[in-house]
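Undergrad: this one's structure only:
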Ligand code: GDP
Ligand code: MG
């Protein structure tokens, strides 16, 4: 598991045309991976239908190759699945926490209190969980650590009464967070209570807390809470565990909201704003698609490197230099390969990792060459090497090294021409 999708994308990258079979294959693998990550089956089907349709119908924008185009569609549709970007305002507000018992509401209440406190706002917290014994102690302990006032009435069974008095008590706070009860299952009583609390507090936000490990049930929970109090944000907890959080996406879809925060540990500091790219990478079990696409675009503009000409056999030292520059802009080759969904590379990983200093030396060397030598490095013999090294203030070994680089790259291009492109990020991106 996990490698499946990489393989599918790799296969796609190796294809000379993106046909229906190639897209079908990718889509099947994508479906499998997402369903294994707890994403709701219906959502997965909708997503993959769209990806398929767009991949086959849309023309790639000018200058973008078919493979990159398909990868971009996959990325865009996944981002779409993450829902709206939720903006967290640093102003006065009341937040009502919703979710079943054990989802992480109380812990997240503490974390949110800390979050807003760090932003310089006066925060207060109310414990309205009248169901779980020790609920107040749990929340007070958290709040004491960061000096946030916490209102509660241990033993009291009327949540509405607690919140009424709590709001009076904490009248001077800017951000008020209300922690509620959550039972094992959704009961009418629970729903009625949270509706009452929502009305009473005129909550600015009603955030639903979902355990990352929650699977297909997430949808029904989200639906019930959404019907009751109009959920406007989802928080995924326990993302520090092995679960990928795919279940929470059905909560996003049900509520038409987005993911606000992600809980990443048991301490009060372990709360992060949602990062769609990181989430997608984790969901798919592969590198960062967007970073890859962006870097590829920045690094390689089609005017700079004429891949087709090179594939046809024309490959000069100047081409090599441009290639090296493009590779260098993309960052260390190893890192780039890590982002690429390509596993096997027929090259030593550091084959073209050239430092800036070395690039400069190469430039001096090339400046001392004649046009003929640049276009056709094959003519560079012993005496020419001497002349070039003297002229450029480099050593003959450095000149030989440059020629060696050239030959390695030329060989790679030849293999590609013969073997239908086993590896090349240029091909991948064109
Ligand atoms: P509640 O019943 O919804 O209030 O849930 P709690 O806040 O009491 O959390 C239930 C359990 O999950 C506790 O043991 C928490 O420490 C744990 N928990 C909550 N959020 C996280 C998280 O982001 N990461 C980890 N590892 N544990 C969490
Ligand atoms: Mg609780």
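TA: Received the coordinates, thanks. Only a predicted model underlies this, so the values are computations on that prediction, with no experimental measurement involved. Residues are numbered from 1 along each chain as shown. Ligands and ions are numbered 1, 2, ... in the order given.
Undergrad: Centroid-nearest residue for the chain?
TA: residue 277 (1.6 Å; Cα atoms, centre = their mean).
Undergrad: Remind me which helix or strand it belongs to.
TA: Element membership for residue 277 (DSSP states H and E) is helix 276-284.
Undergrad: So which residues make contact with that helix?
TA: Applying Cβ atoms under 8 Å, 6 or more residues apart in numbering, the external contacts of helix 276-284 come out as 5, 30, 33-34, 37, 39, 75, 78-79, 82, 85, 244-246, 259, 262, 287-291. In this view, the C-beta of every residue, glycine as well, is placed from N, C-alpha and C.
Undergrad: Following element in sequence after the helix or strand hosting residue 358, please.
TA: Per DSSP H and E, residue 358 falls inside helix 356-367. Of the helices and strands lying after helix 356-367 in sequence (DSSP H and E), the nearest is helix 371-375.
Undergrad: Now this protein against ligand 1: closest residue?
TA: The nearest approach of the chain to ligand 1 comes at residue 263, 2.8 Å away (Cβ to the nearest ligand atom).
Undergrad: partner residues bridging that residue?
TA: residue 271 (DSSP bridges).
Undergrad: Now residue 117: closest residue in space that isn't a chain neighbour?
TA: Leaving aside its chain neighbours, residue 117 sits nearest to residue 123 (4.9 Å; criterion: Cβ to Cβ, 6 or more residues apart in numbering).
Undergrad: and that neighbour, what is it in contact with?
TA: 113, 116, 117, 148, 173, 174, 175, 176, 177.
Undergrad: Checking my notes, the last one in a helix, right?
TA: No - the assignment for residue 177 is strand, going by DSSP: H, G, I helix; E, B strand; the rest coil, so no helix is present there.
Undergrad: Can you report how many residues lie near it?
TA: Residue 177 has 30 neighbouring residues, counting by other Cβ atoms under 10 Å.
Undergrad: Can you name the residues that contact it?
TA: Counting by Cβ under 8 Å, 6+ apart, residue 177 touches 94, 95, 97, 109, 112, 113, 123, 124, 125, 126.
Undergrad: number of nearby residues for residue 119?
TA: 12.
Undergrad: mind listing what it touches?
TA: Contacts of residue 119 (Cβ under 8 Å, 6+ apart): residue 90.
Undergrad: The same query, at a cut-off of 10 Å, please.
TA: Taking Cβ atoms under 10 Å, 6 or more residues apart in numbering as the contact definition, residue 119 lies against 88, 90, 174, 175.
Undergrad: Which of the residues you listed sits closest to ligand 2?
TA: Lowest distance from ligand 2 to the contacts of residue 119 (Cβ to the ion) belongs to residue 175, with 18.8 Å.
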